[in-house]
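# Give me the fold of what follows.
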Amino acid sequence: MTGGARFALNGLAVSVLLAFASPGYALPSGGAVSAGGASIVGAPGKLTINQSSQNVAINWQSFSIAPAEAVQFVQPNSSSVALNRVLGSDPSSILGSLSANGKVFLVNPNGILFGKGAQVNVGGLVASTRNITDSDFMSGNYKFAGSGNGAVLNQGTINADGGFVALLGASVSNEGVISARLGTVALAAGNAMTLDVAGDGLLNVAVNEGALNALVQNGGLIRADGGQVLLSALSAGNLLQSAVNNSGVVQAQTVENHNGTIRLMGDMQSGTVNAGGTLDASAPDGGNGGFIETSAARVNFANDVKITTAAASGRAGTFLIDPLDFTIGSAIGDNISGLNLQNLLVNNNVVISTVPSVSAFVDGQPHAVPLPVVNMLGTASGAGDINVNESVTWTPPGISTTTLTLNAFNDVNVGVGVAISGTRGNVVVCCGRDINVRGTITTVNGSILLSAGRDITLSAAATMTATDGNITACAGRNINVFGTITVTNGSVTAGQSLGLQRGLVLSAGNAATGPGPAGGTVNFGLIDATVNAAPTFITYNPISYTVPTDYSVNIIGLAPTQFMLVYPDGADKAFDGTTAATFTGFKSTATSGSVPAGVTLAGPGTAAFDTPDAGQGKIITFSGFTLTQNPITAGPAAINFALPAACCGPAIGRTTGNIAGGTTGASTVQTVPVLPLLGLPMLAGLDLSIGGITMPPILVAEETPVETGAIAQEIVAPPEVVVPPVPPPMLPPRPARN
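Below is the predicted model:
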């Protein structure tokens with residue numbers, strides 16, 4: 001969304017005000033206790049509920065408070081809860097004072113308004129147009145469900161320091177002030193929700209069932225310093241829309257080392273998050289910045305949005321953007337401008353992580369099927385790509401360093417003439433398929449990490465430069481260098497090295513299960529890589545184990561240290577009902593020849609077939625092995641060998657073997673999708689940790705297998721490829737997603 005667009009509240013506020021326009025207001029009436037114990041004492045302009053049990057449920061014919069009126073709950077302690085359920089047909093209009101030393105639930109399917117001038121001071125508040133049964137409430141099972149168009153709107157002041165405020169309904173909006181220091185503020189839209197009060201007093205909210213045109217909006221101030229804020233909406237079906245809009249201020253700053261968390265969560269089928277206004281999870285006093293997430297099928301940013309996780313005396317926090325597809329540019333339909341993104345990178349580590357829109361099953365296994373989703377412009381989305389179509393240049397203040405992470409389910413494309421440039425800035429790109437760089441990626445006092453499930457390609461016009469930083473490129477298949485790569489000095493400085501090997505690392509062929517350049521290698525064009533006063537390491541699939549490729553002709557500077565990939569073999573066996581696999585050697589082809597006899601696989605290590613069923617070319621997963629090399633029989637130390645290296649994730653390797661006889665299972669290597677560069681079958685609910693942040697799983701949506709191997713260990717070990725050490729924020733469990 002470009003052109004200085006602002007996301008304003010829609011007609012919800014007007015419709016809600018009309019619904020509450022009744023001729024007069026009175027104190028709550030017709031109260032009758034349905035569970036627990038309480039007495040109701042009325043006086044002119046005031047109503048007092050004296051609660052005698054820990055939990056109490058009261059049915060009312062109406063529950064409203066006029067501007068000059070007050071309702072007070074006197075409860076046994078701060079953990080006490082009073083449920084107030086409206087059975088009559090009128091909505092609730094809270095225009096006066098509502099107070100409690102404990103927690104108050106107000107349920108009215110007709111709608112709830114906290115009007116201008118309303119003052120709410122409680123230990124906790126739930127205002128819901130969805131109902132809860134007495135039995136669930138009394139047992140602490142806070143499950144709300146219902147339907148209808150009743151809305152919840154706040155235009156007043158609600159305070160629940162140390163507690164929580166939850167506004168629940170099909171349409172929920174805040175235009176006033178909601179405050180819960182060291183607590184939780186949640187605005188959630190749907191037909192069914194579950195609230196979970198955590199042991200630390202924070203509240204977790206899951207939207208279990210969507211609503212027709214579910215809508216959450218904030219145009220006021222929501223403040224939960226040292227706590228968390230959640231704005232979440234779930235639509236009732238794939239063809240229906242849900243939206244989370246912010247044009248106001250959402251603040252959850254760090255308080256006494258309690259990091260703040262802000263989440264704007266639309267559903268991943270047809271939901272939209274429109275982020276404007278201010279999202280502030282900074283640490284202005286002593287402490288690290290917090291965590292901000294904007295997640296939906298489509299995520300848009302107003303040009304004037306202000307988002308910060310900056311820390312005055314600590315580390316900046318992380319801002320996660322989690323859509324189906326994402327485009328950085330200023331054209332109609334793009335998600336964020338380059339200028340806007342670079343402004344965000346000044347104060348935040350920014351992670352853009354796309355996910356597939358749906359998973360189907362092939363031969364009983366989860367298989368990624370990007371499902372086209374019609375977005376607000378009538379065009380299809382859902383492939384899981386990230387496109388950088390506009391330049392992004394940033395410099396953090398002081399001596400701080402921030403990182404831009406592009407984590408795509410499918411491809412990452414940097415357009416022609418586009419520059420990604422960070423001074424004291426790192427660039428991390430991880431994708432399930434291809435990374436295509438047609439522009440430039442440059443860091444000064446920062447590093448670059450590229451990890452691709454398939455190919456990494458720098459076009460002839462592309463350049464990649466790190467001054468006082470490192471560059472590591474790790475590909476499942478090929479690294480194609482037709483442009484130029486320059487590394488000067490390298491870096492081991494914390495925060496600017498990404499924890500990578502100092503200098504330049506090019507590691508190709510990591511998804512193969514056997515030798516030969518078809519499995520992946522490093523290909524140079526006419527232009528060479530330039531390395532000044534920094535080492536170079538190249539790992540590749542060789543044409544021949546006896547005739548190594550000489551990459552020194554492609555490197556200007558220090559000669560590279562080279563490693564040829566080897567693959568364990570010899571685990572073929574007869575069916576015995578187990579998955580145990582034992583290696584006796586290494587794979588070879590007529591072209592590659594045999595691995596020299598002096599190279600051996602050393603343990604302890606473990607290896608197992610994917611299933612115990614009989615089959616040909618079955619995947620074997622292995623870990624814990626190292627390589628040893630006898631320079632007399634295997635060749636001089638300059639001729640090095642390596643096991644395939646996992647580009648991201650644990651040291652897990654993959655090769656193939658056969659099981660003869662017995663029963664034949666349905667699963668084959670062609671139908672088992674894997675997490676790229678991890679070599680693990682994709683399981684529902686599995687999370688991938690990238691840079692210390694829990695990311696959605698990434699699948700490889702191909703018919704051909706994508707497989708990985710273990711990090712190699714040798715007499716001269718190849719550099720270990722790792723993800724950037726961004727400290728993870730302390731986060732509550734993520735809300736349930738559709």
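# Just to check, Cys430 is in contact with Phe409?
No: using Cβ atoms under 8 Å, Cys430 and Phe409 do not qualify as a contacting pair, with a distance of 10.3 Å. C-betas here are computed from N, CA, C, even on glycine.
# pretty sure Ala645 belongs to a helix, no?
No: using DSSP: H, G, I helix; E, B strand; the rest coil, the secondary structure at Ala645 is coil, not a helix.
# for the stretch 151-300 of the chain, what are the low-confidence residue spans?
199-201, 238-240 (pLDDT under 70).
# which stretches of it form helices?
With DSSP state H, counting those that start in this stretch, there are no helices along the stretch 151-300 of the chain.
# partners of Gly585 in the sheet?
Gly585 has these beta-bridge partners by DSSP bridges: Asp569.
# Looks like it contacts Asp569 (just checking).
Yes: between Gly585 and Asp569 there is a contact at 5.2 Å, judged by Cβ under 8 Å.
# Settle it for me: which of these two has more neighbours?
The neighbour comparison of Gly585 against Asp569 (other Cβ atoms under 10 Å) goes to Asp569, with 21 against 16.
# Any figure for the gap between that one and Gly398?
For Asp569, the distance to Gly398 (Cβ to Cβ, to the nearest Å) stands at 54 Å.
# same deal with Met268?
Met268 sits 37 Å away from Gly398, taking Cβ to Cβ as the criterion.
# what does Phe583 give?
52 Å.
# In terms of neighbours, single out the busier of those two.
Just comparing Phe583 and Gly398: by other Cβ under 10 Å the higher neighbour count belongs to Phe583, 19 against 8.
# Could you pull up the residues touching Leu601?
Residues in contact with Leu601 (Cβ atoms under 8 Å, 6 or more residues apart in numbering) are 568, 583, 586, 625-627.
# Out of these, who's the most crowded?
The most neighbours of any of the contacts of Leu601, using other Cβ under 10 Å, belong to Pro568, which has 27 neighbours.
# what helix or strand does the nearest residue to that one once chain neighbours are set aside sit in?
Leaving aside its chain neighbours, Pro568 sits nearest to Phe583 (4.1 Å; criterion: Cβ to Cβ, 6 or more residues apart in numbering). Assigning secondary structure by DSSP states H and E places Phe583 outside every helix and strand.
# could you list every residue that touches Phe583?
The contact partners of Phe583, by Cβ under 8 Å, 6+ apart, come to 568-571, 601, 607, 622.
# out of the residues you listed, who's nearest Asn288?
Minimum distance to Asn288 across the contacts of Phe583 is 38.1 Å, recorded for Phe622 (Cβ to Cβ).
# Would you state the predicted confidence (pLDDT) at Ala13?
The score at Ala13 is 45. That number is its pLDDT.
# got it, and Thr530?
87.
# and it, what is it in contact with?
Taking Cβ under 8 Å, 6+ apart, we find Thr530 in contact with 484-487, 555-557.
# Report how many residues lie close to Val553.
10.
# so how far is Asp613 from it?
48 Å.
# And Asn300, by the same measure?
Here Asn300 is placed at a distance of 48 Å from Asp613 (Cβ to Cβ).
# more crowded one of the two?
With neighbours defined as other Cβ under 10 Å, Asn300 and Asp613 compare such that Asn300 has more, 24 against 18.
# Is that one bridged to anything, and to what?
According to DSSP bridges, beta-bridge pairing links Asn300 with Asn274.
# looking at it, it is touching Thr272, isn't it?
Yes: assessed by Cβ under 8 Å, Asn300 is found in contact with Thr272 at 6.8 Å.
# Please confirm that Ala518 is located within a helix.
Yes: counting by three-state DSSP, Ala518 falls inside a helix.
# Quick check: pLDDT value at the residue nearest to Pro568.
At Phe583, pLDDT is 95.
# Could you do the one 3 residues further on as well?
Among the per-residue scores, Phe586 shows a pLDDT of 95.
# Helices of the stretch 501-650 of the chain, residue ranges please.
Going by DSSP H, counting those that start in this stretch, the stretch 501-650 of the chain shows helices at 631-634.
# Quick one: the strands in it, in order.
504-507, 522-524, 529-532, 536-540, 555-557, 561-565, 568-569, 573-574, 585-586, 599-602, 606-609, 615-623, 626-629, 640-642 (DSSP state E, counting those that start in this stretch).
# Around the closest residue to Gly148 other than its chain neighbours, how many other residues sit close by?
Closest residue in space to Gly148, ignoring its immediate chain neighbours: Pro109 at 5.3 Å, by Cβ to Cβ, 6+ apart. Counted with other Cβ under 10 Å, residues neighbouring Pro109 total 20.
# Confirm Pro109 sits in a strand?
No: counting by three-state DSSP, Pro109 is not part of a strand but coil.
# hmm, back to that, distance to Ala82 added to the contacts of Leu601, as JSON lines?
Below are the contacts of Leu601 laid out as JSON lines (distance: Cβ to Cβ, whole Å):
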{"residue": "Pro568", "distance to Ala82": "65"}
{"residue": "Phe583", "distance to Ala82": "66"}
{"residue": "Phe586", "distance to Ala82": "71"}
{"residue": "Phe625", "distance to Ala82": "62"}
{"residue": "Thr626", "distance to Ala82": "64"}
{"residue": "Leu627", "distance to Ala82": "68"}
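# List just the nearest of the residues you listed to Ala646.
Checking these against Ala646 with Cβ to Cβ, the nearest one is Phe625 at 13.0 Å.
# That closest one against Gly605, yeah?
Yes: Phe625 is within contact range of Gly605, at 3.6 Å (criterion: Cβ under 8 Å).
# I'd assumed Val346 was in a helix, is it?
Yes: the assignment for Val346 by three-state DSSP puts it in a helix.
# Please give me every residue in contact with it.
Residues near Val346 by Cβ under 8 Å, 6+ apart: 394-397, 402.
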